[in-house]
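Colleague: sequence and predicted structure below; questions after.
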Amino acid sequence: MLQQSRANSYDTYAKMREDRPVLAVGGSHSRVWYVTGYDAARQILGNHKQFVKDYRNTLPERERKQLPPEPELYELLNYNMLGVDAPDHTRLRAIVSKAFTNRRIMALEPRIQEIADELIADFPASGEIDLIDAYAFPLPIIVICELLGIPASDRDQFRVWSNSFVEGSANYASEMMAFFWYIARMVSERRDAPQNDLISALIQAEENGAKLSEQEIYSMIALLIVAGHETTVGLISNAMLALLQHPAQMERLRQSPDLTVAAIEEFLRYDNPVEQASPRYAAEDVEIDGQLIQRGEMVMVVVGAANRDPHQFDDPNTLQTEQSDHKHPGHLGFGYGVHYCLGAPLARLEGRIAINTLLQQYPNMELALPVSELQYRNSPIVRGLLHLPVQI
């Protein structure tokens, strides 16, 4: 997708939504449905029985049994909570929740603050700096690596793997297999000598006597790297871009840091780092908003569009941090239903600390170039900038 079209995607979504909130694209035998209306999006995200994550679950049992096995790399990447349906999803989420607890996340607050302070200490005294390279990217990668127990010396390699997850690369398959070999070694080490980290907790966690398989552990760690890191980069940088374009709201949050807790919800509504939810498939013929979606057809819920639906939100194209605590309830930034983001508390915590720390340290920060010259990442799922140059 062209960079300019990425920058103006909300205009495109508004036109799609006005035409038809549930819109089919493609021929009769290869249709994909794009959902841009809030009500339809919430209905689909909340209906995990009629809209499934695994295409195989749209097929009759006899046809499913005749399917060839999926490639090893596909299974390693997708056999996690994001890619499977009940009852596997229910089992996986219950086990992972035992390891990825709110208590574990909230205990990270002092360390996240320390990381933010350390990164800012390396900023130049004045001049231009790229907020993504210097701050928004390293902060969550340090947090997730420390949470998992990844050595500091390996963080740069995780950055390469993380980018490959989201955007692909010429060596995608070999890079992903290298990532899984690395995780396999880490898991083996933790089985022999458990530590106080999330990999050890995932190995030990169980529900009703069931534990994660080796493959499930690998796939879950891959999901944590992407969902726990890439989206937080986008949350921090998209929020800062919005504030830099709305200096009065930026000053208000600087003077009252406690208000950032509610403002985070508005940032997630206004310019969510996940532009489209991962695909769903109709498990049977379903009518949504007057449109018949046939069994097996792919459905893409455009979260960015749903979060700006004027039928749900007042003045949706305007940033309204001052009213976010009561004006914009029910954004879909973390999804909805059984697949609601398990890492939402961590993302909120990192976003609040990262934004407040910047606002306190650099009250006069400004964009270093016109908004029209900013470039977005080439990903249909993750919405984020390549760089965010600012004057400090």
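Modeller: Yep, that arrived. Keep in mind it's a predicted model, so treat the numbers as computed, not measured. Numbering: from 1, shown residues only.
Colleague: list the helices and strands the longest helix anywhere in the chain packs on?
Modeller: Using DSSP state H to define each element, the chain has its longest helix at helix 172-192. Packing contacts for helix 172-192, counted by 3 or more Cβ pairs under 8 Å, 6 or more residues apart in numbering; DSSP states H and E, involve helix 72-78, helix 155-167, helix 198-204, helix 214-225. Placement of C-beta: from N, CA and C, glycine included.
Colleague: how about residues contacting the helix or strand that comes right after the third one?
Modeller: I take that to be helix 198-204. Where DSSP states H and E defines the elements, the next helix or strand beyond helix 198-204 is strand 206-207. Contact partners of strand 206-207, identified using Cβ atoms under 8 Å, 6 or more residues apart in numbering, comprise 91, 94-95, 98.
Colleague: any regions of the chain where pLDDT drops low?
Modeller: Scanning the chain for pLDDT under 70 picks out the ranges 1-7, 323-329.
Colleague: element containing the residue lying closest to residue 92 once chain neighbours are set aside?
Modeller: Among residues not flanking residue 92 along the chain, residue 81 sits closest, at 5.0 Å (Cβ to Cβ, 6 or more residues apart in numbering). Taking DSSP H and E as the definition, residue 81 sits outside all helices and strands.
Colleague: name the SS class of the residue in the chain sticking out farthest from the centre, please.
Modeller: Within the chain, residue 62 marks the point farthest from the mean C-alpha position, 35.2 Å out by Cα atoms, centre = their mean. Secondary structure, DSSP: H, G, I helix; E, B strand; the rest coil: residue 62 is helix.
Colleague: what number of residues lie near residue 361?
Modeller: Residue 361 has 15 neighbours, counted by other Cβ atoms under 10 Å.
Colleague: strands of the chain, start to end?
Modeller: 22-25, 32-35, 51-52, 128-130, 206-207, 210-211, 280-282, 286-288, 291-293, 298-301, 366-367, 389-391 (DSSP state E).
Colleague: returning to what we had before: tell me the spacing between the residue farthest from the centre of the chain and residue 283.
Modeller: 16 Å (Cβ to Cβ, to the nearest Å).
Colleague: same deal with residue 232?
Modeller: Plainly put, residue 232 is 32 Å away from residue 283 if you go by Cβ to Cβ.
Colleague: higher neighbour count, these two?
Modeller: When neighbours are counted by other Cβ under 10 Å, residue 232 and residue 283 differ, and residue 232 comes out ahead with 26 against 20.
Colleague: name all residues that make contact with that one.
Modeller: By Cβ under 8 Å, 6+ apart, residue 232 lies in contact with 139-140, 273, 346-347, 350-351.
Colleague: okay, these in TSV with neighbour count next?
Modeller: Below are the contacts of residue 232 laid out as TSV (neighbours: other Cβ atoms under 10 Å):
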residue	neighbour count
139	25
140	26
273	25
346	25
347	25
350	29
351	26
